[in-house]
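Novice: Sequence and predicted structure, then a few things I'm wondering about:
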Amino acid sequence: MKKLFLVMLLVFAVINSGCFGDEPKRQVRPVAPVQQEVKQISFVVYRAAADGSEKLLPEKITMQDNGKTLPENALNALVSIKPQDARMDDVVPIGTKVLSLKIDADGTAYADFSKELAKRSYGSYNEMMLCYAIANTLTEFPEIQRVQIMVEGKKVVSLSGHMDLEDPLTRNESLLNK
């Protein structure tokens with residue numbers, strides 16, 4: 001009985017040791033990282049003419065897609081990217097941030113900015129250029145027909161007392177440089 005037990009133990013050990021059958025070793029290949037294609041987006045923002053004429057000049061912006069909508073990217077670019085052309089002036093006050101942009105089904109965009117937008121004292125020219133730079137930039141998109149400018153989540157009557165902002169602004173074609 002002892003012999004039988006020892007023989008069975010020996011057979012079991014040999015089978016489990018892999019002596020019968022040489023399996024080829026698997027080679028593990030490193031997996032190449034999946035590279036996501038970087039998508040570029042383009043849109044137009046409007047800037048005031050640096051010569052003081054009552055004109056808004058178009059500036060084409062191209063940037064990497066960050067998952068936001070084109071109108072959101074355009075509004076953020078208008079506020080945060082300085083003009084690349086010396087013929088254009090930046091009328092957005094330093095430190096201004098876009099808090100949100102909501103677009104209703106009726107085509108009204110609610111553009112909410114930080115308090116810096118209304119902190120600065122504007123002359124009538126600068127206030128008009130700023131408000132219509134915002135309105136004309138956003139109305140470039142077919143889903144937007146009107147723009148309500150807001151500060152810190154509230155409607156404003158005016159930024160500096162020169163323009164009535166109680167109602168949404170529409171596109172002002174007469175300011176566009178033809």
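Specialist: Thanks, I have it. Numbers count the residues shown, from 1 in each chain.
Novice: Tell me the predicted confidence for residue 26.
Specialist: Residue 26 is assigned 64 on the pLDDT scale.
Novice: Tell me where the model's unsure across this protein.
Specialist: Applying pLDDT under 70 to the chain flags the ranges 1-36, 121, 177-178.
Novice: Start from the N-terminal end of this protein and give the helices.
Specialist: Secondary structure of the chain (DSSP state H): helices located at 2-17, 70-80, 116-119, 124-138.
Novice: mind listing what residue 163 touches?
Specialist: Going by C-beta atoms under 8 Å, 6 or more residues apart in numbering, residue 163 touches 124, 127, 128, 131. Quick note: C-beta positions are derived from backbone N, CA and C, even for glycine.
Novice: 7 Å - rerun?
Specialist: Contact analysis of residue 163 by C-beta atoms under 7 Å, 6 or more residues apart in numbering lists 127, 128, 131.
Novice: Export those as JSON lines, with columns for distance to residue 58 and neighbour count.
Specialist: Putting those into JSON lines (distance: C-beta to C-beta, whole Å; neighbours: other C-beta atoms under 10 Å) gives the following:
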{"residue": "127", "distance to residue 58": "21", "neighbour count": "20"}
{"residue": "128", "distance to residue 58": "17", "neighbour count": "20"}
{"residue": "131", "distance to residue 58": "17", "neighbour count": "23"}
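Novice: would CSV of the residues you listed with distance to residue 112 be doable?
Specialist: Formatted as CSV, those follow (distance: C-beta to C-beta, whole Å):
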residue, distance to residue 112
127, 18
128, 20
131, 14
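Novice: quick one: the nearest residue to residue 60 once chain neighbours are set aside from residue 139, how far?
Specialist: Among residues not flanking residue 60 along the chain, residue 44 sits closest, at 5.6 Å (C-beta to C-beta, 6 or more residues apart in numbering). In this view, residue 44 and residue 139 are 11 Å apart by C-beta to C-beta, to the nearest Å.
Novice: who has more neighbours, those two?
Specialist: Using other C-beta atoms under 10 Å, the more surrounded residue of residue 44 and residue 139 is residue 139, with 23 against 14.
Novice: Can you get me a residue count around the residue nearest to that one when sequence neighbours are not counted?
Specialist: Spatial nearest neighbour of residue 139, chain neighbours left out: residue 171 (4.1 Å); criterion: C-beta to C-beta, 6+ apart. Residue 171: 19 surrounding residues under other C-beta under 10 Å.
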